[in-house]
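**Student:** sequence and predicted structure below; questions after.
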Amino acid sequence: MMEGIASRMCRNRYGHSPHIELDGDVDVEFSYIPAHLEYILQELLKNAFRAVVERHGNNPAVPLPPVKITLCRNDVALVLRISDVGGGIAPEMLPKCWSWTFTTVGYVWCATTVDILCPTVYGTAQCWV
C-alpha cells in the first residue's frame with residue numbers, strides 16, 4: 001500500500017518512480033498499529049523515491065535502481081531497513097536532520113496573506129499559515 005502512495009506521488013511529479021525490492025525475513029508476522037507504521041513508511045518511501053529520481057535522472061525511459069526494504073528479526077526485535085542509492089544527506093545538513101521542520105526539499109515563495117518561503121513537496125508548495 002505505501003509503495004502505491006509514494007510511487008504515485010513520485011510518478012505524478014517526475015513521470016516515473018523506483019520499485020521496491022523486499023529481502024530478508026519477508027514472511028515475518030508481527031503486531032503493529034497500522035496508522036503509525038503506514039505514516040512512517042510512507043514518509044520514508046517518499047523521501048527515498050525522490051532522492052533516487054533526483055540523483056539518477058528524470059528520464060522515464062531509463063530504469064531506476066530499486067529502493068530496498070530488508071526485514072530482520074530475532075526473538076525480541078524486528079528491524080526494517082529502507083535503503084536507496086539516492087546520495088544521502090549532505091554532511092553540512094546532518095546537524096539539522098532531526099529538527100521537526102528540516103527538509104531537503106526545495107523552497108518557493110507562497111502567495112498568501114503574507115509572503116513566506118514554503119517547502120515544495122513533489123512540485124506543490126506546502127504552506128501552513
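**Tutor:** Nice, thanks for sending it over.
**Student:** quick one, strands of the protein?
**Tutor:** 20-24, 67-73, 78-83, 107-110, 116-121, 124-125 (DSSP state E).
**Student:** quick one: average pLDDT of the last one?
**Tutor:** Model confidence over strand 124-125 averages 46 on the pLDDT scale.
**Student:** what's the answer for stretch 77-97, then?
**Tutor:** The average pLDDT within stretch 77-97 is 90.
**Student:** still on that earlier bit, which of the strands of the chain has the lowest average pLDDT?
**Tutor:** What stands lowest among the strands of the chain, in mean pLDDT terms, is strand 124-125, with a mean of 46.
**Student:** so where's the longest helix in this structure?
**Tutor:** helix 34-56 (DSSP state H).
**Student:** mean confidence for that one?
**Tutor:** For helix 34-56, the mean per-residue pLDDT is 93.
**Student:** which parts of it are buried?
**Tutor:** 41-42, 44-53, 56 (16 or more other CB atoms under 10 Å). (C-beta placed from N, C-alpha, C; glycine too.)
**Student:** give me the contact list for that helix.
**Tutor:** When contacts are defined by CB atoms under 8 Å, 6 or more residues apart in numbering, helix 34-56 is touched by residues 1-3, 5-7, 9-10, 13-14, 16-18, 20, 62, 64-65, 67, 80, 82-88, 105, 122.
**Student:** again, but for stretch 91-101
**Tutor:** 89, 102, 104.
**Student:** same check, this time on stretch 12-30
**Tutor:** Here stretch 12-30 makes contact (CB under 8 Å, 6+ apart) with 3, 6-7, 10-11, 45, 48-50, 52-53, 58, 60, 64-73, 78, 84, 122-123.
**Student:** recalculate using a threshold of 6 Å.
**Tutor:** Under the criterion CB atoms under 6 Å, 6 or more residues apart in numbering, residues 3, 7, 10-11, 49, 52-53, 58, 60, 64, 66-73, 78, 122-123 lie in contact with stretch 12-30.
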